[in-house]
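J.: Provided below are the primary sequence and the corresponding predicted coordinates.
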Amino acid sequence: MSFQIPIGPQHPALKEPISLRMTVEGEVITGVDIRLGYNHRGLEKLAEDRNWTQNIYLVERICGICSHSHATCYVQGVEKLMELAPPKRGLYIRYLVSELERIHSHLLWLGVAGHEAGFDSFFMYVWRDREVVMDLLELITGNRVHYAINTLGGVRRDLDAGQIAKIRDGLVVLRKRSEYYFHIGANEPSFVARIAGVGYLSKEKAVALCAVGPTARASGWARDVRKEDPYAVYDEVDFDVATADSCDVLGRVVVRVKELLESYKICEQILDKLPPGDIAVKAPRKAKPGEVVSRYEAPRGENIHYIKSNGTDKPERLKVRAPTLGNYPATVEMLRKGFIADIPLIFAAIDPCICCAERSVTLIDAGSGEESVARMSDLRRRAIVRHENAPLKRNAVWPL
Amino acid sequence: MKIAVFLPELLRHLFKKPATVDYPFKKLEVPKDFRGTPYLNPEMCIACRACERDCPAEAIEISSVNEAEKRFRMVIHNDRCIHCAQCVDSCPTTPKAMQMDSLFEIACDDRHKLKTDWVYVRAVLKPKAAAPAAAPQAAEPKT
């Protein structure tokens, strides 16, 4: 006999509102529905109402953790539309902040993973060390959370010698601490036992369900936009794509700790190679008509912005595909055949950012339980086709 | 695999000072690029409305008080301000008419008290100082 357990939109195990409906038999999950839309804020529509400059700050506020990712992804796209070439120094500073943001996001996630696994002292120590990188970000950009360092054609704040020295000192501390956590992870049997074998996602499934970021890399699929389609400075720095083959939450922890160490490497190389010169060029107020797709490897995976311009000072359309949305189908697969007690851990392991992902509609096929994510344009096309073919319905009832 | 690998770290921290700062009694210094509250330097403002146009939160409002006297009124709605300092970046005058201070304790129990306004006569800058001011307007029709 199977039961349905609703989790969310408001639930103590979830940091952000999302509705999950689990079908369970005993303790074992047999089916999962993810229902999106509770946290929808209409940011994409709002973006059509603002000019290119205002949108940097709007897009930055899609998410609090990966704010720089969204802003950079957007700015990259708009610069391509405006045919702007930011100066080298500006780009180096922009991607230095990117890597520092990745470090802070992964440390945050590592703490959350420890917390969800019941290892709360780990969580507190990791978050204390995360303050080091938060302070560095504040030092460079002026603010802790929404850095607002990007502008069209470069960055807004320059680095001086004192700041560079402080960043280097901070990186030394962070590297030492991360290596220590790597050692803890490898040697603490209770922690490893809790996360090993939980949330299994095979490589074939990860490829088939288009998992992104650390979730895909933990299933042995080396997929990283920084390596595959190097943008800006990433073809000038040397780093490895961290992968793991264990396909479970343990793998996702290992991938993120390894990525931390790679990020320190990238930051140091960026500081070594930091060229002199200007940090920004002047941007025009209007962009030429056209469309562009911008890809960016956010801490959680591949972030895609689609921007369409009609020649005015405002975008005609801005579409955001956040990495969490790409990971939802894979999450459904991971949760299936798992236990109820593992839901928070598995769900936390994709590093979900609900506020990033709430901008499209998810379709759930009631017959087969299959889930597909449809874009607004697809939905519109489907709706029109259906409306043309369908006869007028009388006595229609709500199908629930 | 060992048992309780984390324990030495925990024990060591028993004898250390807390990692947090005793906030209301001890304050951290803000970094030099900190973005606090925007304010206007009315002697420099040429009322070009660049800040009003670029403000993402629509927190800046410039209205004309007296057309003949070229008297303007600027209101900054600090309750709406997101402290991005784009107004400072957009300001074309040198030195900038829009400035940022480094105050961060600006919380208030009434949002209407957060409004600040200035009534001023539009500045007429000398041609040399006005040169950078003319640049953004010249760049506009090009695109």
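T.: Structure's in. What do you need? Because the structure is a prediction, the values reported are computed rather than measured.
J.: hey, where'd the strands end up in chain B?
T.: Secondary structure of chain B by DSSP state E: the strands cover B:38-40, B:60-66, B:71-77, B:98-100, B:115-121.
J.: looking at those, which is closest to A:Arg144?
T.: Among the strands of chain B, the nearest to A:Arg144 by C-beta to C-beta is strand B:98-100 (16.1 Å). For glycine as for every other residue, the C-beta is placed from the backbone atoms N, C-alpha and C.
J.: What is the closest one packed up against?
T.: Packing partners of strand B:98-100 (3 or more C-beta pairs under 8 Å, 6 or more residues apart in numbering or on different chains; DSSP states H and E): strand B:38-40, helix B:86-90.
J.: how about CSV for the ones you listed, with distance to chain A added?
T.: Listed next are the helices and strands packed on strand B:98-100 as CSV, based on distance: least, C-beta to the nearest C-beta, whole Å:
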stretch, distance to chain A
strand B:38-40, 13
helix B:86-90, 6
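J.: Let me have the strands of chain B in a markdown table, extended by mean pLDDT.
T.: Below are those laid out as a markdown table (pLDDT from 0 to 100):
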| stretch | mean pLDDT |
| --- | --- |
| strand B:38-40 | 92 |
| strand B:60-66 | 91 |
| strand B:71-77 | 92 |
| strand B:98-100 | 91 |
| strand B:115-121 | 90 |
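J.: Quick one: mean pLDDT for stretch A:175-185?
T.: When pLDDT is averaged over stretch A:175-185, the result is 88.
J.: List the buried residues of that stretch.
T.: Using 16 or more other C-beta atoms under 10 Å in any protein chain shown as the test for burial, stretch A:175-185 gives A:175, A:177-178, A:181-182, A:184-185.
J.: starting at the chain centroid, how far to that stretch?
T.: Centre-to-centre, stretch A:175-185 and its host chain are 23 Å apart (C-alpha atoms, centre = their mean, to the nearest Å).
J.: Identify the spatial nearest neighbour of A:Arg321, chain neighbours not counted.
T.: Counting by C-beta to C-beta, 6 or more residues apart in numbering or on different chains, A:Arg321 lies nearest to A:Ile304, which is 4.1 Å off, once chain neighbours are set aside.
J.: helix, strand or coil for that neighbour?
T.: A:Ile304 falls in the strand class when you classify it by DSSP: H, G, I helix; E, B strand; the rest coil.
J.: A:Leu14 now?
T.: From three-state DSSP, the assignment for A:Leu14 is coil.
J.: close enough to count as contact, it and A:Gly8?
T.: Yes - contact between A:Leu14 and A:Gly8 holds when scored by C-beta atoms under 8 Å: they sit 5.4 Å apart.
J.: Quick check: phi and psi at A:Leu261.
T.: phi -70, psi -40 (degrees, to the nearest 10).
J.: just to confirm, which helix or strand has the nearest residue to it once chain neighbours are set aside in it?
T.: Sequence neighbours aside, A:Ser178 is the residue nearest to A:Leu261 in space, at 6.1 Å (criterion: C-beta to C-beta, 6+ apart). A:Ser178 belongs to helix A:161-187 when assigned by DSSP states H and E.
J.: What's the first helix or strand after that helix?
T.: Using DSSP H and E, the next helix or strand after helix A:161-187 towards the C-terminus is helix A:189-195.
J.: Which residues does that next one contact?
T.: A:113-114, A:117-119, A:122, A:184-186, A:248-250, A:253, A:345, B:1-3 (C-beta atoms under 8 Å, 6 or more residues apart in numbering or on different chains).
J.: Please repeat the previous calculation with a cut-off of 6 Å.
T.: Defining contact as C-beta atoms under 6 Å, 6 or more residues apart in numbering or on different chains, one finds that helix A:189-195 is touched by A:117, A:119, A:249-250, B:1.
J.: Of those, which one scores lowest on pLDDT?
T.: The model is least sure about B:Met1 among the contacts of helix A:189-195, giving it 55.
J.: related to what we said a few turns ago, wait, doesn't the residue nearest to A:Leu261 sit right on A:Leu260?
T.: Yes - the pair formed by A:Ser178 and A:Leu260 meets the contact definition of C-beta atoms under 6 Å, at 4.7 Å.
J.: Closest to B:Trp118 out of the buried residues of stretch A:175-185?
T.: A:Arg177 (48.4 Å).
J.: mind showing which ranges of chain A have poor pLDDT?
T.: A:1, A:13, A:358-400 (pLDDT under 70).
J.: Spit out the contact partners of the spatially most central residue of chain B.
T.: The geometric centre of chain B, computed from its C-alpha atoms, lies nearest to B:Pro38 (C-alpha atoms, centre = their mean), at 3.4 Å. When contacts are counted by C-beta under 6 Å, 6+ apart, B:Pro38 touches B:76, B:87, B:98, B:100.
J.: any idea how far the second one lies from A:Ala283?
T.: When C-beta to C-beta, to the nearest Å is applied, the distance between B:Cys87 and A:Ala283 equals 16 Å.
J.: what's the answer for A:Arg157, then?
T.: According to C-beta to C-beta, A:Arg157 stands 17 Å off from A:Ala283.
J.: Same check on A:Gln269?
T.: Computed as C-beta to C-beta, the A:Gln269 to A:Ala283 distance reads 28 Å.
J.: Just want to know which of the two has more residues nearby.
T.: A:Ala283 (21 against 18; other C-beta atoms under 10 Å in any protein chain shown).
J.: Now do the contacts for that one.
T.: For A:Ala283, the contact set (C-beta under 6 Å, 6+ apart) comprises A:84, A:152-153.
J.: try B:Glu43
T.: So B:Glu43 contacts B:Ala123 (C-beta under 6 Å, 6+ apart).
J.: same check, this time on the one 3 residues further on
T.: Taking C-beta under 6 Å, 6+ apart as the definition of contact, the neighbours of B:Ile46 are B:Ala123.
J.: And it, its phi and psi?
T.: According to degrees, to the nearest 10, B:Ile46 has phi -100, psi 10.
J.: what's stretch A:144-163 in contact with?
T.: A:56, A:60, A:64, A:67-68, A:71-72, A:75, A:78, A:84, A:86, A:90, A:93-94, A:97, A:134, A:138-139, A:141, A:279-281, A:283, B:33, B:84.
J.: Regarding that stretch, how distant is the last residue from the first?
T.: This stretch, stretch A:144-163, spans 15 Å end to end (C-alpha to C-alpha, to the nearest Å).
J.: How about stretch A:142-153?
T.: Note: stretch A:142-153 ends 19 Å apart using C-alpha to C-alpha.
J.: Buried residues of that stretch, list them for me.
T.: For stretch A:142-153, by 16+ other C-beta under 10 Å, it's A:142-143, A:145-153.
J.: A:Glu204 - how many residues pack around it?
T.: Counted with other C-beta under 10 Å, the neighbours of A:Glu204 add up to 10.
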